[in-house]
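pasting the structure only:
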């Protein structure tokens, strides 16, 4: 007989009075800022949700029915989590998974530009939350569930705002399309991994058309601007380092 | 193909079909449903309380929005969510609270909570929902803040 999913099993267990809630181990612990990541535009940054961003709030849902596949939702999510760099198309360099894996609180680096923190992770879903400076402020949840006709459905669900005015300006100029293509491709790859070839359904809703103008200052963390400045000022840093090194050599020269 | 062979193939096919039907039935039974109950109380002219009991997940969306529609009937200024009976919440549940908050703000109302355990207070903190949703220790405090 087929086993019940872990969540369904848990639901039928006796209530655990006086103990930690069932979801206690699924959530990341509170940290004021992200530390020990060694990632540019990540280290020392706060994580931000859809309430802290600047632009309009979007709810984007991409889903694919795994027609003909026998995998359970938990099996789909497990494969998705463990093979995330490959299935998302970011690759190992584009999405650097920390040594301990994508557990709650772990921070994965997105190339040299930004990163994401694992906010939540259970058997049938996992969620990333973005840091300040990332193009989006919000959460993205990857999950799988069983549809009414018992077909397993894989889904990516985003609740996001552009983080600052520059990213908001870039949204209609290609950032929206880039985001859509990324997650549609990811879901196609997930389907292909389980031998399904179904089409990806996309649903986009503008949840809040208002821009949060008081958040315009978020631009000071903009990862694109800071990375560009870092590249532009590289020769200056090189000259400065050489100058300092020659100064030290001067000081160390023995007096004659 | 002989009659016996055909009979055998049909038998095997029927067995396979029964197997698939059994798996599908078990999967349907396994399908997550809304494991939540929400009762609405109108405390005074300004404030309505929604008592949340059970699990706050994506499957609670309909129940939560129905409760909100019932609670915001009239000229209510604040909606108070009572989380004393909250047993489980995942990231989709937090997402629901964000969309509820947007609706509440659109109606020029305020969203407040009380009854959050230490664990759920931490979740409100890490997701930064506490920036926008007032958290109180008791119903009296939340209602007083909602009426102010």
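In hand now; what should we look at? Keep in mind it's a predicted model, so treat the numbers as computed, not measured. Numbers count the residues shown, from 1 in each chain, chains lettered A, B, ... in the order given.

wait, does stretch A:203-215 contact chain B?
Yes: with Cβ under 8 Å from any Cβ of the partner chain as the threshold, stretch A:203-215 lies in contact with chain B, specifically through A:207-208. Just so you know, the C-beta spots here come from the backbone N, C-alpha and C atoms, and that holds for glycine as well.

just how off-centre is that stretch within its chain?
20 Å (Cα atoms, centre = their mean, to the nearest Å).

And the contacts of it?
A:52-62, A:159, A:161, A:164, A:168, A:180, B:99, B:102 (Cβ atoms under 8 Å, 6 or more residues apart in numbering or on different chains).

so of the residues you listed, which ones are in helices?
Assignment to helices by DSSP state H places the following of the contacts of stretch A:203-215 there: A:168, A:180, B:99, B:102.

would a markdown table of those residues with pLDDT be doable?
What follows is these, written out as a markdown table (pLDDT from 0 to 100):
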| residue | pLDDT |
| --- | --- |
| A:168 | 97 |
| A:180 | 96 |
| B:99 | 95 |
| B:102 | 96 |
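
who wins for most neighbours among those?
Ranked by neighbour count under the definition other Cβ atoms under 10 Å in any protein chain shown, the ones in helices among the contacts of stretch A:203-215 are headed by residue A:168 with 21 neighbours.

which parts of the stretch 151-256 of chain A sit against chain B?
For the stretch 151-256 of chain A, the residues in contact with chain B under the definition Cβ under 8 Å from any Cβ are A:157, A:159, A:207-208.

can you give me the strands for the chain?
Using chain A. Across chain A, reading from the start of the chain, the strands by DSSP state E fall at A:47-48, A:57-65, A:107-110, A:114-122, A:125-131, A:136-146, A:152-162, A:201-208.

I was thinking of chain B, sorry if that wasn't clear
With DSSP E applied, chain B shows strands at B:36-42, B:47-56, B:78-89, B:110-114, B:134-136, listed in chain order.

quick revisit: can you pick out the most distant pair from the ones in helices among the contacts of stretch A:203-215?
With Cβ to Cβ as the measure, no two of these lie farther apart than A:180 and B:102, at 21.8 Å.

re the thing from before, output the strands of chain B as a markdown table; include the columns mean pLDDT, mean neighbour count and distance to chain A.
Conversion of the strands of chain B to a markdown table gives the following (pLDDT from 0 to 100; neighbours: other Cβ atoms under 10 Å in any protein chain shown; distance: least, Cβ to the nearest Cβ, whole Å):
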| stretch | mean pLDDT | mean neighbour count | distance to chain A |
| --- | --- | --- | --- |
| strand B:36-42 | 95 | 17 | 12 |
| strand B:47-56 | 96 | 22 | 8 |
| strand B:78-89 | 96 | 21 | 5 |
| strand B:110-114 | 97 | 22 | 11 |
| strand B:134-136 | 96 | 17 | 13 |
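
if I look at residue A:82, how far off is chain B?
As for residue A:82, its distance to chain B is 19 Å (criterion: Cβ to the nearest Cβ, to the nearest Å).

what residue ranges in the chain are flagged as low confidence?
I'll assume chain A. The model of chain A has pLDDT under 70 over residues A:1-19, A:253-256.

sorry, should have said chain B
Low-confidence segments of chain B (pLDDT under 70): B:1-33.
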